[in-house]
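# Sequence first, then the predicted structure, then my questions.
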Amino acid sequence: MIRMKKKKLKLKWRNIMIILVIIVSFSMLIYASINIFKWFIDNNKSQQIITDLEEKIVVTQDNEISGNTVQNEEEIKENDPYWDFIKMSLIDVDINELKEINDETVGWLKVNGTNINYPFVQASDNKYYLTHDFYKQNNGGGWVFLDYRNKSNLEDKNNIIYAHGRANETMFGSLKNILSSDWINDQKNFTIQVSTQNKNTLWQVFSIYKILNTNDYITTNFNNDEEFSSFITKLINRSNFDFKTTVNKNDIILTLSTCYNDYQKVVLHAKLIKTT
C-alpha cells in the first residue's frame, strides 16, 4: 500500500514537471514569436523610412566639388593611396531639408561597398537612437547616430558614429562587408564621404577589424598629442589590412562602430583628408 502511494506520488510529480516544462517551452515559443514579429515590423518601418528619404532627399556627387586638402602633404608617403583619393569627389546634401524632418540631424554618411547611405543624428545620450528611428518613433532597429560627446561639426580628434548591425543589412548591418576580400580588393571602398550643414568632407580609411566587446576605441578627446599618437598606433596595429595610410597626431579621425554579434564589434577608422 505504502509502495503504491509512493509510486502514485512520483507519477504525480513527474506529470507536474512535464506540464511545467510544456508551459515554459510554450511561453518561450510565444516570446520568441513576438520578438520575431516585432523584428519584421521594425525592419519594414526602417526600410520604408529609407525609401522615403531616397525619394525626398537629393544626394549630389559632384566631381567639380574639389575641396581643400587638410593634410601636410610633405608628410604623406609616396606609396600612400592618399594621392589617388584626394582627387575623389564629395557628396552634398541639403541638411536643412533633413532638419525639417528631424531637428537632431547632423549630416549624411556614405560608405562605399556597403548599404550605408543615410542621414545621421545626435541626441543628448547614446541610448535614444538605439530604440528610435529617424522619425523619432519607437523602433528596435534604431538609427545611425553621432556620439553625444562629439561636436556636431566633426572636429573632435575622434568622431564616433554608431548604429545597430541589423541582419537585413539596414543601418550598419552591411558594415561587416569591410571584412570581406571583395571589399578590401576594391580600393575605391577606402574612402568615406560625409555631408554636414556647414561642410562636406572626405575621409581615408586606415583601420578595419572585428574585436571582442571593448570601449577602448571610443575615446573622443585626448590629454595630449602623445596620448593620441599611441591611440592611433593601437588602431593601426589592430587592423585586418594594411592600408599604407599615413596617420599622425595632427589628424582628425572618424570611427564607425556596430555589433557583429553579442560578443564582438565591427569597427572602421578613417582620417579626414579633404573638406569644403
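Thanks, I have it.
# would you list every one of the helices in the stretch 101-250 of the chain?
181-184, 225-238 (DSSP state H, counting those that start in this stretch).
# all strands for this structure, in order.
All strands of the chain, identified by DSSP state E, fall at 60-62, 68-69, 90-92, 105-111, 117-121, 145-146, 158-162, 191-196, 200-212, 253-259, 264-275.
# ok, back up a step: any chance of the helices of the stretch 101-250 of the chain in CSV with mean pLDDT as columns?
Shown next, in CSV, are the helices of the stretch 101-250 of the chain (pLDDT from 0 to 100):
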stretch, mean pLDDT
helix 181-184, 96
helix 225-238, 97
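# ranking those helices by burial, who's on top?
Ranked by mean neighbour count, those are led by helix 225-238 with a mean of 15 (mean count of other Cβ atoms under 10 Å). Placement of C-beta: from N, CA and C, glycine included.
# Which neighbouring elements make contact with that helix?
When contacts are defined as 3 or more Cβ pairs under 8 Å, 6 or more residues apart in numbering; DSSP states H and E, helix 225-238 sits against strand 200-212.
# and the angle from the strand it packs on to strand 264-275?
Per axes from the mean of the first three to the mean of the last three Cα atoms, to 10 degrees, the angle that strand 200-212 makes with strand 264-275 is 160 degrees.
# Can you point out the buried residues in strand 200-212?
N200, T201, L202, W203, Q204, V205, F206, S207, I208, Y209 (16 or more other Cβ atoms under 10 Å).
# does Y129 really touch G140, like I thought?
No. With contact defined as Cβ atoms under 8 Å, Y129 does not reach G140; the gap is 11.6 Å.
# more crowded one of the two?
Per other Cβ atoms under 10 Å, whichever of Y129 and G140 has more neighbours is Y129, with 26 against 18.
# Relative to W83, how far out is the more buried one?
Here Y129 is placed at a distance of 37 Å from W83 (Cβ to Cβ, to the nearest Å).
# before we move on, what about G173?
From G173 across to W83, the span is 33 Å (Cβ to Cβ).
# Spit out the contact partners of the residue nearest to S229 when sequence neighbours are not counted.
In space, and not counting its chain neighbours, S229 is closest to K249: 4.8 Å by Cβ to Cβ, 6 or more residues apart in numbering. By Cβ atoms under 8 Å, 6 or more residues apart in numbering, K249 lies in contact with D225, E226, F228, S229, I232.
# Could you do N126 as well?
Listed by Cβ under 8 Å, 6+ apart, the contact set of N126 reads F145, D147, Y148, Y162.
# go on, I160?
By Cβ under 8 Å, 6+ apart, the residues touching I160 are L146, D147, N150, I218, T220, T255, L256, S257.
# What's the PyMOL line that selects buried ones from those residues?
Filtering these down to the buried ones (16+ other Cβ under 10 Å) takes a single PyMOL command:
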select buried, resi 146+147+150+218+255+256+257
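# just the contacts of I160 now: which is nearest K157?
Within these, proximity to K157 (Cβ to Cβ) peaks at T220, which comes in at 7.2 Å.
# what sits against that closest one?
By Cβ under 8 Å, 6+ apart, T220 lies in contact with D147, R149, N150, D156, K157, N158, N159, I160.
# now the chain, which segments are flagged as low pLDDT?
Residue ranges of the chain with pLDDT under 70: 1-41, 62-67.
# ok, 90 please
Residue ranges of the chain with pLDDT under 90: 1-48, 50, 52, 54-84, 86-89, 166-169, 221, 262, 276.
# For N112, give its distance to K271.
Distance of N112 to K271, computed by Cβ to Cβ: 16 Å.
# let me redo that: V93
Taking Cβ to Cβ as the measure, V93 and K271 are separated by 22 Å.
# try A123
26 Å.
# How about K188?
17 Å.
# between these two, which one's more packed in?
Here K188 and K271 are compared on neighbour count by other Cβ under 10 Å; more neighbours surround K271, at 23 against 10.
# The closest residue to that one other than its chain neighbours: neighbour count?
Closest residue to K271 apart from its sequence neighbours, by Cβ to Cβ, 6+ apart: D251 at 4.5 Å. Neighbours of D251 under the rule other Cβ under 10 Å: 23.
# so who does D251 touch?
Taking Cβ under 8 Å, 6+ apart as the criterion, D251 is in contact with I232, K271, L272.
# can you check W83 too?
I76.
# now do Q71
Contacts for Q71 (Cβ under 8 Å, 6+ apart) come out as Y82, I86, I273.
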